[in-house]
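quick one: sequence and predicted model below, then my questions.
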Amino acid sequence: ADVNRLMRDIEKLSSGNSMIGASVVNMDSLRSAQNSRSRLQNSWRWGVDDPNDFFIKHLGPRWSVNVVTMGQAGCYPQGANYGVWTAERVAEWRRKGRTMYIVARNVN
């Protein structure tokens, strides 16, 4: 509910060429975090499996949305792996869920 309200406020208060940057996790990551010993991960309350659909649905057609998955081969805008993470580390993260980076721009 809080996330939906936040998205409505962003849409209402934004002007043309406004941009949003966000880091989100999918539902597998959220479930994994809830069972973690990490206090930070235990505080996570929201995740989304299809962030592109979520952002378009809540922000509307005035927004262009780009979703990049952490560890995906290549550099932005195709991927988010700049040679920092090993293939083994990326595979480990994918077993636990996904982190995605969102850049949305108001094209009006």
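That came through, no problem. Residues are numbered from 1 along each chain as shown.

give me the number of residues near the closest residue to Trp46 other than its chain neighbours?
Nearest-residue entry for Trp46: Val3, 5.2 Å, with adjacent residues in sequence omitted and distances by Cβ to Cβ, 6 or more residues apart in numbering. Any C-beta I mention is one placed from the backbone N, CA and C, and that applies to glycine too. By the criterion of other Cβ atoms under 10 Å, Val3 has 14 neighbours.

cool, the one 3 residues further on as well?
Close neighbours of Leu6, defined as other Cβ under 10 Å, add up to 12.

against Gly21, how distant is it?
Distance, Leu6 to Gly21, by Cβ to Cβ, to the nearest Å: 14 Å.

quick check, pLDDT for the residue nearest to Trp46.
pLDDT recorded at Val3 is 90.

what's the helix or strand hosting it packed up against?
Take DSSP states H and E as the rule and Val3 turns out to sit in helix 2-13. With contacts defined as 3 or more Cβ pairs under 8 Å, 6 or more residues apart in numbering; DSSP states H and E, helix 2-13 has these neighbours: helix 51-59.
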